[in-house]
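Trainee: Fold the stuff below for me.
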Amino acid sequence: MTIREAQDTVDQWIKTVGVKYFSELTNLAILTEEVGELARLMARQYGDQSFKDSDKGRELGDEMADVLWVLLCLANQTGVDLTTALQKNLDKKTQRDSERHRNNPKLQ
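Mentor: Have a look, this model is predicted:
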């Protein structure tokens, strides 16, 4: 599935199953919540925190997909074509950082 197809699929789901989009600010709050859930699981799986009973059964892929879902919603709501935005962002980073990381002694 391409990013464009993902945006279209989410849009169609919202309009048929979800009834309508939550407001942009509500979705921003939900995005923050979802990123927090991902961070919590990452901290337990790769960090120093131990798992709690409430963490059991959670999967990284599912938490990442939750973040992506809400981001796709926000892109649809605000008229952002994420394919174009990602390509422009990659071009910007490539131009700006073409030597920066290669010359970073911390990355050697």
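
Trainee: Mind checking what helix or strand follows the longest helix along the chain in sequence?
Mentor: For the chain, the longest helix by residue count, based on DSSP state H, is helix 24-45. Next helix or strand after helix 24-45 toward the C-terminus (DSSP states H and E): helix 60-78.

Trainee: hmm, back to that, if we look at the longest helix of the chain, which residues are touching it?
Mentor: Applying C-beta atoms under 8 Å, 6 or more residues apart in numbering, the contact partners of helix 24-45 are 21-22, 49-52, 55, 58, 60, 63-64, 66-67, 69-71, 73-74, 77-78. No exception for glycine: its C-beta is placed from N, CA and C like everyone else's.

Trainee: Can I have the buried ones of the residues you listed as a PyMOL selection?
Mentor: Buried members of the contacts of helix 24-45, defined by 16 or more other C-beta atoms under 10 Å, are picked up in PyMOL with:
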select buried, resi 21+22+63+66+67+69+70+71+73+74
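
Trainee: Below-threshold pLDDT in the protein: ranges please.
Mentor: Within the chain, no range satisfies pLDDT under 70.

Trainee: Put the alpha carbons of stretch 81-101 into CSV.
Mentor: C-alpha atoms of stretch 81-101 as CSV (Å, rounded to 0.1, in the frame of the first residue of the first chain):
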residue,chain,number,x,y,z
ASP,A,81,-0.4,14.9,0.5
LEU,A,82,2.0,12.9,2.7
THR,A,83,3.7,11.4,-0.4
THR,A,84,4.7,14.9,-1.7
ALA,A,85,5.5,16.1,1.8
LEU,A,86,7.7,13.2,2.6
GLN,A,87,9.6,13.5,-0.7
LYS,A,88,10.2,17.2,-0.2
ASN,A,89,11.3,16.5,3.4
LEU,A,90,13.7,13.8,2.2
ASP,A,91,15.1,16.2,-0.5
LYS,A,92,15.6,18.9,2.2
LYS,A,93,17.4,16.5,4.6
THR,A,94,19.6,15.1,1.8
GLN,A,95,20.7,18.6,0.7
ARG,A,96,21.1,20.0,4.2
ASP,A,97,22.8,16.9,5.7
SER,A,98,24.7,15.5,2.8
GLU,A,99,28.0,15.8,4.7
ARG,A,100,26.9,16.5,8.2
HIS,A,101,26.3,12.9,9.4
